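S.K.: structure here, sequence nowhere to be found:
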């Protein structure tokens, strides 16, 4: 279809949409979707061991000095082992700061939690981590989605977290899991 015909067709579609749905239809079409972050690792252990390292041993592999709210003053981080539990860090002053809430706890296959370190819970994204047997080891897949809740800063935050998950999950967790397997 020639460009002028395609433009006329699109204009007619917009006029029809506006006639039938008013401005609500136009606003609905302006919503932006931001791609989730997806990371994947292959580990030399079974899914049960990988799940335990990711959850029970969180404080052993998470780079707290660079990826926490308290920075150098953060002593440890933990993940409760049940739906409704929290992911949180503890500083030297024993102040507990929430990072998110466990939404699905299905050992050793799947874990889902909200994630909002340093932000209001209403702006929390969702992180889903799956653990699947693959070859002689395990495939671990991480997806972080929900960037639209951050409004105009969503795309920038997504880009920052993409490099952050590369460091935290792709390097720190991977190196710890290979060494500890």
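M.R.: Thanks, I have the structure now. Predicted, not measured: the structure shown is a model, and the values here were computed from it. Numbers count the residues shown, from 1 in each chain.
S.K.: okay, which residue is most central for this structure?
M.R.: Ranked by distance to the mean C-alpha position of the chain (CA atoms, centre = their mean), the top residue is residue 144 at 2.2 Å.
S.K.: pretty sure that residue sits against residue 165.
M.R.: Yes: assessed by CB atoms under 8 Å, residue 144 is found in contact with residue 165 at 6.4 Å. Using the backbone N, CA and C atoms, a C-beta is placed for each residue, glycine as well.
S.K.: which residues are in contact with the nearest residue to the residue nearest to the centre of the chain once chain neighbours are set aside?
M.R.: Nearest-residue entry for residue 144: residue 37, 4.3 Å, with adjacent residues in sequence omitted and distances by CB to CB, 6 or more residues apart in numbering. The contact partners of residue 37, taken as CB atoms under 8 Å, 6 or more residues apart in numbering, are 142, 143, 144, 145, 158, 161, 162, 165.
S.K.: what helix or strand does the third one sit in?
M.R.: Element membership of residue 144, judged by DSSP states H and E, is strand 137-145.
S.K.: state the mean pLDDT of the following helix or strand past that strand.
M.R.: Counting by DSSP H and E, the element after strand 137-145 in chain order, helix or strand, is helix 154-165. The average pLDDT for helix 154-165 rounds to 97.
S.K.: distance between helix 154-165 and the chain's centre?
M.R.: 10 Å (CA atoms, centre = their mean, to the nearest Å).
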